[in-house]
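J.: Compute the structure for the input listed below.
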Amino acid sequence: MADLAELAGVSKITVSRALSESPLVNAETRERVQALARKHGYKLNVSARNLRLRRSHTVAVIVEMKPSTERTMWDPYPLSLLGGISQELTSAGYSVLLTTRQGASHAAVQAADGLILLGQGARQDAVRLYDKLGLPMVVWGAAGDGGDNHTVVGSDNHQGGVEVAERFLSIGRRHPVFIGNPDHPEMAQRLFGFIDELTRHGIKPLLLRRVDFTLESGVDAVRSLWARKVRFDAIFACSDLLAMGAIRALVELGQTVPNDVSVIGYDDTPLGASFLPPLSSVRQNWQEGGVLLARKVLAMIHGQPVQSQMMATTLVVRAT
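T.: So this is what the prediction gives:
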């Protein structure tokens with residue numbers, strides 16, 4: 001700490017406060033100290049500082065989502081991902097430390113050998129935040145642009161959007177709507193694939209931005225379209241909960257699904273499959289994704305090269 005304080009030109013207590021995100025240190029100084037700490041491999045936590053000599057054999061898993069009564073932690077996302085992660089890590093002799101954004105600053109997280117981040121956050125804010133921990137990190141989400149050097153595992157969301165557009169086109173739909181929040185990279189890729197395929201056929205979809213991926217948000221989206229007398233005959237919702245909410249609202253408004261409006265969700269959850277009518281949806285292989293996340297973070301921990309990997313999606317056509 002004394003060496004770091006000398007490099008930064010500040011006192012040891014300022015270093016301690018800066019690495020603890022204390023508001024007593026101004027933002028410019030805090031970032032400068034943290035940057036020097038990352039550069040020199042310094043961590044405030046003693047056990048984390050000793051990782052170069054011994055390993056904790058723990059991988060931290062941070063779930064970047066806000067649980068609610070409608071969107072719970074025991075839904076297939078993130079539970080199926082966590083199942084694949086846990087099976088692979090425990091088989092390799094590693095412990096899993098599970099937390100959310102609120103617990104990310106805990107000493108045990110900073111002492112972990114590696115980090116798996118489930119969700120990139122809006123505009124990748126979560127990725128930038130957890131980069132500061134200085135740990136080998138693998139992210140579940142969408143691949144970034146050429147300048148993004150993070151290791152990402154996810155589904156081919158662009159192709160998923162293309163598959164939905166192809167289905168709507170094949171059944172003669174010409175006035176589609178996308179419901180979701182493209183600030184999230186995964187949702188943006190779904191939207192881009194949807195737009196790209198429809199544009200090839202001279203169709204421009206309507207984007208209805210919704211921040212929450214909940215049933216109530218889907219209900220509100222359709223009611224908004226109806227109130228504005230928007231013409232639409234197809235809905236691509238970026239989650240199954242949004243799609244089920246959209247169907248509920250359509251039924252309440254006297255519309256039939258799929259005769260009047262076709263609806264396709266995303267995730268292919270058991271809840272969507274058992275919904276009435278059974279929901280058509282894009283399937284992601286979360287369990288395989290969890291295994292890949294674990295394998296890649298273990299490889300990074302041991303200094304092995306890794307690459308991002310996108311998995312294929314499948315459109316499951318049911319009754320909507």
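J.: Next, count neighbours for the closest residue to residue 210 other than its chain neighbours.
T.: Distance criterion CB to CB, 6 or more residues apart in numbering; nearest residue to residue 210, sequence neighbours excluded, is residue 217 at 4.7 Å. Any C-beta I mention is one placed from the backbone N, CA and C, and that applies to glycine too. Burial of residue 217 is recorded as 22 neighbouring residues (other CB atoms under 10 Å).
J.: ok, residue 232 - contacts?
T.: By CB atoms under 8 Å, 6 or more residues apart in numbering, the contact list for residue 232 reads 175, 176, 177, 206, 225, 261.
J.: and of the residues you listed, the nearest to residue 105?
T.: Nearest to residue 105 among those: residue 177, at 40.1 Å, using CB to CB.
J.: Roughly how far does the closest residue to residue 269 other than its chain neighbours sit from residue 79?
T.: In space, residue 269 comes closest to residue 240 once its chain neighbours are excluded; the distance is 4.6 Å by CB to CB, 6+ apart. Residue 240 sits 14 Å away from residue 79, taking CB to CB, to the nearest Å as the criterion.
J.: circling back: can I get the contacts of residue 232 in CSV with pLDDT?
T.: Output for the contacts of residue 232, formatted as CSV (pLDDT from 0 to 100):
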residue, pLDDT
175, 98
176, 98
177, 98
206, 98
225, 97
261, 98
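J.: May I ask which helix or strand encompasses residue 216?
T.: In the assignment (DSSP states H and E), residue 216 maps to helix 215-227.
J.: Residue 161 reaches residue 194, doesn't it?
T.: Yes - contact criterion CB atoms under 8 Å: residue 161 and residue 194 qualify, at 3.8 Å.
J.: any common contacting residues for these two?
T.: Counting by CB under 8 Å, 6+ apart, the residues touching both residue 161 and residue 194 are residue 236.
J.: what about the helices in the stretch 51-200 of the chain?
T.: For the stretch 51-200 of the chain, applying DSSP state H, counting those that start in this stretch gives helices covering 76-91, 107-110, 125-131, 157-170, 185-199.
J.: Distance-wise, check the closest residue to residue 86 other than its chain neighbours relative to residue 141.
T.: Excluding the flanking residues, the one nearest residue 86 by CB to CB, 6+ apart is residue 96, at 5.2 Å. Going from residue 96 to residue 141 by CB to CB gives 19 Å.
J.: now residue 218
T.: Distance, residue 218 to residue 141, by CB to CB: 22 Å.
J.: what bits of the chain have low per-residue confidence?
T.: In the predicted model, the chain carries pLDDT under 70 at residues 44-54, 67-68, 70-71, 145-147.
J.: middle-most residue in it, spatially?
T.: Computing the C-alpha centroid of the chain and ranking residues by CA atoms, centre = their mean puts residue 119 first, at 2.5 Å.
J.: how about the residue nearest to that residue when sequence neighbours are not counted, what does it touch?
T.: Using CB to CB, 6+ apart and skipping the chain neighbours, the partner closest in space to residue 119 is residue 64 (3.3 Å). Residues near residue 64 by CB under 8 Å, 6+ apart: 100, 101, 117, 118, 119, 120, 121, 126.
J.: Which members of the residues you listed are the farthest-apart pair?
T.: Spatially, the most separated pair among the contacts of residue 64 is 100 and 120, at 14.7 Å (CB to CB).
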